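Peer 1: Structure here, sequence nowhere to be found:
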């Protein structure tokens, strides 16, 4: 059963399995474990970006295609829904029209990109997508009468998915894990800490939307796991390892690469749709910016290229850092005198500096990211075990 | 076309106007495209505006050429794709701006000679800072990932983040206004007696940028075509192994090209800073798009292609920016897409890609 669901691609490391289960439980019960608006919106973003990063990994990690247009497809999805609800009012029909239009546009654009540059050299693809994504960003910013320009658009999502909708009136109890742990250390009294950690959740349409995103994210992830472990995924990996040889074996590599790009683009569009419905506000900065593209790249590489589980780990680690590393740095700098070099370098606004450094170092020393490293350690441990068990008796015999 | 036809085509001039035109389009695509674009633009606006825009476009092209030439050579020579090139442009802009602010006494004097005492140190300092950073960057960041495009892209993107953040640390996160030296302000006014274009005001700074760009293009062409180093660079672009076999240390040559390219990017950045008179750390990212379009247009590794590509990008930016300002960036990328469809290798390809 589990084998079927995971397509035979297990985490292959106990630490990794534990981490994935932990992240899965936190996401599944998220609204009832972490109180507050900030935590809730971050949980939603993790679900959305798992799709974005996993689909990006299909190109980057499994086929070694570097694309800088992933945010473009993400933005097409987000703007598709925003613009269609803007035009047709807030109904599910409008959302579906938006999705349809966005997906068609993504397919056409990714086909065009594929035809333009995949037939030349792979390196061209990175440059061409960078330029095209920039042109798209500038177009969206400039055509303000339909896209809202820099100001962006508010998404008029259906009422059932908004805060005004209450499926039932009674409140659901929640249990704040962080408050419980903090209370436990501060007071040492389990009962008291337990009571303090309880809070109440009033279910509304946003929770409904969160769970829609969670379920879609889970399904897309399992679908991608299926794809990369299918014969199609094998061919992609063959292209990654040695394109010439894959060609010599009779595979039409341009076709396979184009399909990978299209699948990845459509999934990014889907993620953009979810983003628009959760965030209820889209602008060029939160959907199309080049910085966002770099963040996606960072998440993918830090989690582990060529390992889909890396998308989950990388997204979670990066978004946690983005939201909370600044607070941590602020604590760190509190004692330093303002204006000193240390305060400048470790200031809360400089979190990206440290992440950039971590990124470069991880490309050199852990090219397969967190997941790859965990798997490597697990494998070494298994090997040591395997070495010990049979070799012990032989040693005795020799003595 | 068979081999026999090609030989015939080279030996005899093609007969007939159409055939000659086709041959011209095939042999000199860069000039064909340039003339076509200028002619189309001339039809769509009045000649005085056209002259003004053409000079401005050439000025922008000259600056973009400075920035792009280093990147195209590093790619051509060593197959290294440096996406942190934009960060070098930003760094040069900030370094140059600092010197200009520091020497604002000289920069604001009304005399050209005293102004030069501020401009030359500013450009020089920008080149030195960007060049030194290029040296460190090549040794620390790029050297470990020779021959691996994927890692080069990742590492240089990471390096670009780090450099941008360090610019924020040193110069602060806000935009910085750049004082343009007094002698570069103002405009030449063409004499009224000229026929169609009399009385057009040409900004001095743009003319200077065009002259400087042409001078550096000439210098680079001379180095590449007439000197020993140039021969080695061209040979290295053609076939790295053959140069190595002859006993030349191509790594050292490459390091030199990389540092020179970074220095030129820094200089281009400083000139851009004086042109725009306001700079941000992210200006490099925006210029990087033009740079990428230029090197794809021109054909990776080709200085001549890079020059013509930069002029084309500058011109289309200004022409379209005048006709429909919102589409300038789209037109730039559209030009690239069009050329890629027509000639996937770029206008003047040097290396096979």
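Peer 2: Noted; the coordinates are in hand. Everything numeric in this text was worked out from a predicted model, so none of it was measured.
Peer 1: got a pLDDT number for residue B:198?
Peer 2: We have a pLDDT of 67 for residue B:198.
Peer 1: Residue A:381 now?
Peer 2: pLDDT, read off for residue A:381, is 88.
Peer 1: cool, residue A:119 as well?
Peer 2: pLDDT, read off for residue A:119, is 61.
Peer 1: doesn't residue A:227 make contact with residue A:233?
Peer 2: Yes - under the criterion of Cβ atoms under 8 Å, residue A:233 makes contact with residue A:227 at 5.4 Å. Where you see a C-beta, it was placed from the backbone N, CA and C, and this is true even at glycine.
Peer 1: From residue A:161, how far off is the closest residue in space to residue A:349 that isn't next to it in sequence?
Peer 2: Spatial nearest neighbour of residue A:349, excluding adjacent residues (Cβ to Cβ, 6 or more residues apart in numbering or on different chains): residue B:173 at 6.8 Å. For residue B:173, the distance to residue A:161 equals 37 Å [Cβ to Cβ, to the nearest Å].
Peer 1: If you count surrounding residues, which of those two has more?
Peer 2: The neighbour comparison of residue B:173 against residue A:161 (other Cβ atoms under 10 Å in any protein chain shown) goes to residue A:161, with 22 against 12.
Peer 1: Quick check, the more buried one in contact with residue A:207.
Peer 2: No - if you go by Cβ under 8 Å, residue A:161 and residue A:207 don't touch, sitting 9.7 Å apart.
Peer 1: List, one by one, the residues from the stretch 151-300 of chain A near chain B.
Peer 2: Within the stretch 151-300 of chain A, the positions adjacent to chain B are A:290, A:294, A:297-298 by Cβ under 8 Å from any Cβ of the partner chain.
Peer 1: Buried among those residues? Make that a ChimeraX selection.
Peer 2: Applying 16 or more other Cβ atoms under 10 Å in any protein chain shown to those, the buried members can be selected in ChimeraX as follows:
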select /A:290,294,297,298
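Peer 1: Show only the entries of the residues of the stretch 151-300 of chain A next to chain B found in helices.
Peer 2: Applying DSSP state H to these, the entries found in helices are A:290, A:294, A:297-298.
Peer 1: pLDDT-wise, which helix or strand of chain A ranks last?
Peer 2: Lowest by mean pLDDT, DSSP states H and E among the helices and strands of chain A is helix A:341-345, with a mean of 69.
Peer 1: now the strands: where do they sit in the chain?
Peer 2: No chain was given, so I picked chain A. Using DSSP state E, the strands of chain A run over A:153-154, A:172-175, A:198-201, A:281-282.
Peer 1: hm, I was asking about chain B
Peer 2: B:176-177, B:187-189, B:201-203, B:278-279.
Peer 1: what's next to the first one, contact-wise?
Peer 2: So that's strand B:176-177. Strand B:176-177 has contacts (Cβ atoms under 8 Å, 6 or more residues apart in numbering or on different chains) with B:94, B:97, B:277-280.
Peer 1: do that again at 6 Å, thanks
Peer 2: For strand B:176-177, the surrounding residues in contact (Cβ atoms under 6 Å, 6 or more residues apart in numbering or on different chains) are B:97, B:278-279.
Peer 1: Direction included, what does that strand pair up with?
Peer 2: Using DSSP bridges, strand B:176-177 pairs in its sheet with strand B:278-279 (antiparallel).
Peer 1: ok, the residue nearest to the spatial centre of chain B - contacts?
Peer 2: Closest to where the C-alpha atoms of chain B average out (Cα atoms, centre = their mean) is residue B:65, at 1.5 Å. If a contact means Cβ under 6 Å, 6+ apart, then residue B:65 has B:213, B:307, B:310 as its contacts.
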